Each structure stands twice: as structure tokens, then as C-alpha cells.
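> here's a sequence, model it:
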Amino acid sequence: MSREGRLFIVSGPSGSGKSTVLGEVFKQRPDIYFSVSATTRAPRPGETDGVEYFFITEEQFDRMVENDEFLEHARYARCSYGTPREPVARRLSRGTDVILDIEVQGARQVKSRMPEAVTVFIAPPSLQELERRLRGRATDSEEKIALRLETAKGELEESARYDHVVVNDDYVRAAGELLNIINNA
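A predicted model of the protein is given here:
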């Protein structure tokens, strides 16, 4: 009998480098399924629908919530985000490990439903470094940056509830630490 896949929940403030760290992990472990979330936010330059996110309207999002099609969902920085339930359940039942890249509210929802999930928080080395990274993106307004920094403070407080905290001061080192967590879970 084949084993059930393992679920890993990765969270961290916007600008913490989650995508960069996860990109490095997937280079070394392409067998892990990355769950693509749905969002109502606009795509950033270079993002592709169905790759980084499924970009949907508020109306589509609300309909999916009504139909209980999300494993978790939340509002973050004035946009809605959710993890479609079916692709995750299908991969786990086939024995494939799955990584969710979701914010802390969603992580709490999933962990309460699936307590066996392993939670990992990707933290920036400091709030000053996080601000530098957000400004370096040059994709957000001053208002959006201020909102993201304020949200990050609350998220950093939540990191104590996670099974593991990985400080992303160097993405290759942080990816190695995350891989070690995954490989030994």
C-alpha cells in the first residue's frame, strides 16, 4: 500500500522571499506538488495565470467560497486568496507531497482541519530588510507598502505557532533548511 502524501504549509510576510526559497526547493525536489492559490489581486509583471496564481474576480471567488471549493481562504492586503481543495486532496491521496504557500490566517484554518500538516514560517532577517525588499520590487504604492509592513508585524508574532521558523537571510541556505525539514518529516 502506498503512503499518503505529506502536507507542508509555508507562510511568511510579503517580501520575505518565500517564492525565491520555494523555487530553490523545487529545483531539488521537483516531485513535490506546489498548490497554486486563487487570488483576486492583479498579476504582477511576469506572473502567469495558473502558474503563480489563478487570477479570478471577486465574483468568482465568492462563488467558490459558497460552493466550499477552498481548503482555506482569507483576505490579505485588501485582496482575497484561497487554496482550491480538490487538487491538494487528489495529490495527497496519490502519495505526493504538497506545499501550500499561504498566509497565517489560512495556515491556521488548514492546520485545524489537517493537524498532521507541517507548518514552516519564512521570516525576514529584520523589518528593515523586509521594507528594503518591498521597496526594491517597485511594484507597490507607498500605501500598499505601509499596509504590507503593518500586516507583517502581526504575522511575525504568529510565527511562534509554527512548527518551524526559517530566517531567510540567504535564500540558498534557507532553502537548504526547508529541504531538511521536508526530507525529515
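
> what's the average pLDDT for stretch 59-76?
Taken as a whole, stretch 59-76 has a mean pLDDT of 93.

> in the helix or strand bottoming out on mean pLDDT in the chain, what's buried?
In the chain, the helix or strand scored least confidently by mean pLDDT, DSSP states H and E is helix 127-137, which has a mean of 85. Of the residues in helix 127-137, those buried under the neighbour-count criterion (16 or more other CB atoms under 10 Å) are 130-131, 133-134. Just so you know, the C-beta spots here come from the backbone N, C-alpha and C atoms, and that holds for glycine as well.

> closest one of those residues to Ser16?
Proximity of these to Ser16 was ranked by CB to CB; the top entry is Leu130 with 6.6 Å.

> what residues are up against the residue nearest to Asp169 when sequence neighbours are not counted?
Excluding the flanking residues, the one nearest Asp169 by CB to CB, 6 or more residues apart in numbering is Pro125, at 4.4 Å. Shown here is Pro125, whose contacts under the criterion CB atoms under 8 Å, 6 or more residues apart in numbering are 167-169.

> checking Asp140 next. Helix, strand or coil?
The three-state label given to Asp140 by DSSP: H, G, I helix; E, B strand; the rest coil is coil.
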